[in-house]
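*Asks:* any chance you can model this:
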Amino acid sequence: MNNISITDLTVRQCRLLDTMWEIEEFTELEAWMATLSKEERREVHALKQVLLHELMEISLHETGFNESGRVLQKFSL
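*Replies:* Residues are numbered from 1 along each chain as shown. Sure, this is the predicted structure:
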């Protein structure tokens, strides 16, 4: 799989992503998120959405479903 590249992140967002990336189990992620402030939890949720979007883009590219990707881009925020 290609490397994931997300630009224009703050230092804080990079630290949150680094922590998220080190967590191996979803239950661990949930437990960690429970320790965060409401604002940080919202930010982590947004970062998860960005990661999912990037992973989908990579998957579409690698599987050759570029046309599907173009259709999905119409619905991206």
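
*Asks:* so who does residue 23 touch?
*Replies:* Contact partners of residue 23, counting by Cβ atoms under 8 Å, 6 or more residues apart in numbering, are 29, 32. Quick note: C-beta positions are derived from backbone N, CA and C, even for glycine.

*Asks:* and residue 30, how many neighbours?
*Replies:* Around residue 30 sit 10 other residues, with neighbours defined as other Cβ atoms under 10 Å.

*Asks:* need the residues that contact the host helix or strand of it.
*Replies:* Here residue 30, judged by DSSP states H and E, is contained in helix 26-34. Outside helix 26-34, the residues within contact range by Cβ under 8 Å, 6+ apart are 19-20, 23, 41, 44.

*Asks:* which ChimeraX command selects the buried ones in those?
*Replies:* ChimeraX command restricting those to the buried ones, with burial defined by 16 or more other Cβ atoms under 10 Å:
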select :44
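
*Asks:* and the furthest pair within the contacts of helix 26-34?
*Replies:* Greatest spatial distance among the contacts of helix 26-34 (Cβ to Cβ): 23 and 41, at 14.3 Å.

*Asks:* on the three-state scheme, the residue nearest to residue 36 when sequence neighbours are not counted is what?
*Replies:* Distance criterion Cβ to Cβ, 6 or more residues apart in numbering; nearest residue to residue 36, sequence neighbours excluded, is residue 44 at 6.6 Å. Classification of residue 44 using DSSP: H, G, I helix; E, B strand; the rest coil returns helix.

*Asks:* which residues touch residue 44?
*Replies:* In this structure, residue 44 makes contact with 16, 20, 33, 36, judged by Cβ under 8 Å, 6+ apart.
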